[in-house]
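In: Quick one, what's the 3D model for this:
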Amino acid sequence: MQPSEQARHHAFQETLLSARHTMVLSEILKLAADSFRSNKVRFALTALGMVIGTASVILVVTIGLTGRRFIMEEIQKVETNSVELEYTGGGSTASERVLYDDYLTRDDEKAVLAQVPGVLYSSPILTMHDRINFGGGVNKDTLVLGVSPQYQQIRNLVVPVGRFLDETDDTAHIKCAVVTELFARDRFGSDDAAVGSNFEISGIPFTIIGVFKESVTDFGVSEIEDQTILIPYSVARYFTGTENVNQIYFSMRTMDEVPDAAKEIVRIVRARHRPNSVYQAQTMKELLVMADKIMWYLTLLLVAVAAVTMAVGGVGIMNIMLATVRARTREIGIRKALGATYREIKYQFLAEAIIISLIGGLVGTAVGLAAPLAVRFFSDYVVPISPWSVAIALAAAMLVGVIFGTIPATRAAQMDPVESLKYE
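Out: Residues are numbered from 1 along each chain as shown. This is a model prediction of the structure:
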């Protein structure tokens, strides 16, 4: 045979093979459609498991993303842009480290402000305790913090009644105070009654000018307690007799600047003090990163739980398909007697399982997307929707159809045609 004739013969055989494959695929799809039409209820109940499983995956991912965004927004309200500089002691080793007088000062704060760009706010923290008279012979040990007016911005404090400390209070050494809501209610009965009232710290009268609260839960990282009094730093230092402080807060413009700024702040301060003095800069960056990881792990765990639902739906598909194979034994025998191959029989039943699973996945996707879209439509809150959750859910639905449809399809393909024709 000439090379040209061989090429034409090869092309003809490929055309026949392609036509046969096309015919087989169309026949498989037609048989699957006929089977579904003749057993509509069974088809719907079989697909229901995949509807629930797919919708669960999408809803779980949506809930996880919504929770993650909410938690991250709440954490970002807790001075995530701030750097807390703290003096922790001195000594060359941990065993030798002892406290000695090399505390932070306002000059350290000024040096940092002059050398570190991007610092928006700063405030020293001078901590002390005093026995405050709450009336009726009750005295409580109460936390008193000497701070600057910028402490409000650093800690995101809210002042619902009255006002916060200002520059005039600090420079004029005015004996005024801002107290927590709990202190105001325990001591004076209400927030409004507290503003303008007087009380004493170490025998010195102070006037309450405002009542404050933290804008969000601080996850236990704040120095503010339930019973806390804030007074101007310039006044607080008179009680201690020194300008030394344990902590200074710096607030940066953005959270991205915090890591580098923390290192630079420590370097500047160490250069101004004794070589063995230990200063540490703490940030909320670690908490933010940890919370983000926890939320992703939690979302993955919930997705795994939803995947169990899909697996249960897959078991349902396998059971129904096994029953279908048993009920259609004579049909399988007739098809094999007419020349249907092992592969064609297997593909026929495997295609049915995949189609059931995929249709259930599509309906489940619509159900899963309906809830977040409804929230977006009927409210101003934008619920995050991940395209990946849709893609993963549909891919998982198809994979479930392949995995759990293989056993029934293989059993159908392995049937003996003679025994199948005898089946009643």
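
In: Quick check, central residue of this protein?
Out: The residue lying closest to the centre of the chain (C-alpha atoms, centre = their mean) is residue 68, at 2.4 Å.

In: Isn't that one up against residue 299?
Out: Yes. Residue 68 is within contact range of residue 299, at 7.0 Å (criterion: C-beta atoms under 8 Å). Backbone N, C-alpha and C define where each C-beta goes, glycine included.

In: quick one: contacts of stretch 294-304?
Out: The contact list for stretch 294-304 (C-beta atoms under 8 Å, 6 or more residues apart in numbering) reads 57, 60-61, 63-65, 67-68, 71-72, 392.

In: Any quick PyMOL command for the buried ones out of the residues you listed?
Out: Buried residues within these, by 16 or more other C-beta atoms under 10 Å, are selected in PyMOL with:
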select buried, resi 57+60+61+63+64+65+68+392
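
In: Go through the contacts of stretch 294-304 and name the one nearest residue 384.
Out: Nearest to residue 384, judged by C-beta to C-beta, of those is residue 65 at 4.2 Å.

In: Could I get the contacting residues of the closest one?
Out: Residue 65 neighbours (C-beta under 8 Å, 6+ apart): 299, 384, 386.

In: most surrounded residue in those residues?
Out: residue 299 (20 neighbours; other C-beta atoms under 10 Å).

In: taking the mean pLDDT, what do you get for the helix or strand that one falls within?
Out: Element membership of residue 299, judged by DSSP states H and E, is helix 285-327. On average, the pLDDT along helix 285-327 is 79.

In: hmm, who's touching stretch 362-381?
Out: Residues outside stretch 362-381 that contact it (C-beta under 8 Å, 6+ apart): 47, 50-59, 62, 382-385, 389-390, 393-394, 397.

In: Measure how far that stretch is from the centre of its chain, please.
Out: Relative to the chain's own centre, stretch 362-381 is displaced by 20 Å; criterion: C-alpha atoms, centre = their mean, to the nearest Å.

In: buried set for that stretch?
Out: Buried residues in stretch 362-381, counted by 16+ other C-beta under 10 Å: 362-365, 367-369, 372.

In: Kindly report the same for stretch 123-131.
Out: 123-126, 128, 130.

In: Could you dump those residues into TSV and include pLDDT, distance to residue 306 and secondary structure?
Out: Shown next, in TSV, are these (pLDDT from 0 to 100; distance: C-beta to C-beta, whole Å; DSSP: H, G, I helix; E, B strand; the rest coil):
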residue	pLDDT	distance to residue 306	secondary structure
123	90	47	strand
124	91	51	strand
125	89	47	strand
126	89	53	strand
128	87	54	strand
130	88	55	strand
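
In: related to what we said a few turns ago, mind listing which of the contacts of stretch 294-304 are in helices?
Out: Mapping the contacts of stretch 294-304 onto helices (DSSP state H) picks out 57, 60-61, 63-65, 67-68, 71-72, 392.

In: got the residue ranges for the helices in the stretch 51-200 of the chain?
Out: 106-115, 151-155, 167-171, 181-188, 191-194 (DSSP state H, counting those that start in this stretch).

In: Mind checking those for the one nearest to residue 84?
Out: Among these, helix 151-155 sits nearest to residue 84 (C-beta to C-beta), with 9.5 Å.

In: Might you list the low-confidence residue ranges for this protein?
Out: For the chain, the stretches with pLDDT under 70 are 1-39, 74-80, 90-101, 216-222, 286-287, 422-424.

In: Can you tell me how far residue 280 is from residue 150?
Out: With distances taken as C-beta to C-beta, to the nearest Å, residue 280 is found 22 Å from residue 150.

In: likewise residue 273?
Out: Remark: distance between residue 273 and residue 150 (C-beta to C-beta) = 24 Å.

In: Tell me if I'm right that residue 321 and residue 353 touch.
Out: Yes. Counting by C-beta under 8 Å, residue 321 does reach residue 353; the two are 5.3 Å apart.

In: which residues are common contacts for the two?
Out: Listed as contacting both residue 321 and residue 353 by C-beta under 8 Å, 6+ apart are 404-405, 408-409.

In: how about those residues in a markdown table, adding distance to residue 326?
Out: Below are the shared contacts of residue 321 and residue 353 laid out as a markdown table (distance: C-beta to C-beta, whole Å):
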| residue | distance to residue 326 |
| --- | --- |
| 404 | 16 |
| 405 | 15 |
| 408 | 9 |
| 409 | 13 |
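
In: Next, the buried residues of whichever strand or helix holds residue 43.
Out: Using DSSP H and E, the element containing residue 43 is helix 40-76. Buried residues in helix 40-76, counting neighbours by 16+ other C-beta under 10 Å, are found at 42-43, 46-47, 49-66, 68, 75.

In: Kindly report the same for stretch 200-215.
Out: Applying 16+ other C-beta under 10 Å to stretch 200-215 flags 201, 206, 208-212, 214 as buried.

In: Take those residues and write them to JSON lines, including distance to residue 309.
Out: Formatted as JSON lines, those follow (distance: C-beta to C-beta, whole Å):
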{"residue": "201", "distance to residue 309": "61"}
{"residue": "206", "distance to residue 309": "62"}
{"residue": "208", "distance to residue 309": "57"}
{"residue": "209", "distance to residue 309": "58"}
{"residue": "210", "distance to residue 309": "53"}
{"residue": "211", "distance to residue 309": "50"}
{"residue": "212", "distance to residue 309": "48"}
{"residue": "214", "distance to residue 309": "41"}
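
In: For the stretch 101-250 of the chain, which segments count as strands?
Out: Counting by DSSP state E, counting those that start in this stretch, the stretch 101-250 of the chain has strands at residues 119-133, 139-147, 157-162, 176-180, 198-201, 204-214, 228-232, 247-252.
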